[in-house]
Every structure is written in structure tokens, then in C-alpha cells.
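>>> Sharing a model that was predicted from the sequence below.
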Amino acid sequence: MNGHTMVLSQNVEYMLHVLERDIVHIEQTLSYLNDLRGLVIKRDEQNLGRLLEEIRNEAQEYSANEHHRRMIREQLARLFGCKTGELTLSVLRTRIDEPAKSAIAERQDRLRALTQRLQREYMTTAALLSDCARINSRLLKIVFDRSRTGPVCYDSQGTTARESDATFMSMRL
């Protein structure tokens, strides 16, 4: 094995580790989205705060993986004599031999499936949060605009005055 082949093989192996970390990260993100939906529905603010802190920590740790991927991609692009932006997993697969080719293909397929699932789960979570925001907005409007159902009165300066006798709720049994 010559030096070029050895460096190439080593970088492909590093890329496989980075892709494996990507898979774990997306699976963890899917779990976070599922937990987030459950905690929002249960209105569990304490555990929601913990989950959000855990997500923040995971994102900071994952940035190192992104840095490694960028560096490995640059090194592989140099080895193949192309621009970094031109080197994709599909291009890489055409330029390497088995068994690394199969390993890259397997991880690429797994990442593609997980990414599609992540998009669906993200849309579901966004829809839930949007519905919660809409319901909360309507409830707040009903509760706090209660006094605005009667005629609007203006004072001498042109501003509206709230009715002071409007009650939030009746205290009579």
C-alpha cells in the first residue's frame, strides 16, 4: 500500500466515523422532538426546561463533528484533486473501492431515510406548537379583551378608556 492509498483509506475511515455520529445525532434529534411534543402536551415546564438545556448541550457537542466532517472533506477533495464543494458522498463512492464503498452507501441510505423522517417529525412538531400558540392567543384575547365588547368611549385626549367595572370572573356561587 503506497502513502496516497493509505492516507485515502484513513480519511475514508474517519468519514465513516463522522457519518456514524451524524446518524446518532439525527436519531437523538428525533427522540428530542418526540419528547418535546409529549412535554408540551402534558404542560410539564420543569422537564421541558431540562430537555431544552440538554438539546443546547448536544448542539454544542455536535459542532465538533461538523468541524471534523469539513476537515475530512477538504482533505479528501485535495487527494482527489477537486474542489471541496464538488465532493459529495455519491462522488466519493465512485472514487473508492470495496468494502468502503458499501459502507459509505449504507450510511448514505440510512442518513437519507433519517433525514426524511426528521422532516416529517419537524413538521408535526411545528404544527403542534403553532396550534398551541393559536389556542393561547385566542384564549388571551377572550380573557383580556372581555371589557372591549361594549361601546368604546374616548376621553378628551382621544384615548380609549377601559371599563373599570368589567370583571374577569364572577365570584358568586
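Thanks, I have it.
>>> From here on, just use CA atoms for contacts and neighbour counts.
Will do.
>>> From the chain's centroid, how far away is the worst-scoring helix or strand of the chain on mean pLDDT?
Counting by mean pLDDT, DSSP states H and E, the chain has its least confident helix or strand at helix 89-95, which shows a mean of 89. With C-alpha atoms, centre = their mean, to the nearest Å as the basis, helix 89-95 stands 28 Å off its chain's centre.
>>> Render the CA-only coordinates of that helix in CSV, please.
C-alpha atoms of helix 89-95 as CSV (Å, rounded to 0.1, in the frame of the first residue of the first chain):
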residue,chain,number,x,y,z
LEU,A,89,-20.8,11.1,-0.7
SER,A,90,-22.1,10.0,-4.1
VAL,A,91,-18.9,11.3,-5.8
LEU,A,92,-16.8,9.7,-3.0
ARG,A,93,-18.4,6.3,-3.6
THR,A,94,-17.4,6.4,-7.3
ARG,A,95,-13.8,7.0,-6.4
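>>> List the buried residues in it.
Judged by neighbour count (16 or more other C-alpha atoms under 10 Å), helix 89-95 contains these buried residues: Leu89, Leu92, Arg93.
>>> which one of these is nearest Lys83?
Closest to Lys83 out of the buried residues of helix 89-95 is Leu92 (12.4 Å), distances taken as C-alpha to C-alpha.
>>> Which elements pack onto the host helix or strand of Glu121?
Using DSSP states H and E, the secondary-structure element containing Glu121 is helix 100-144. The contact analysis (3 or more C-alpha pairs under 8 Å, 6 or more residues apart in numbering; DSSP states H and E) places helix 100-144 against helix 3-42, helix 89-95.
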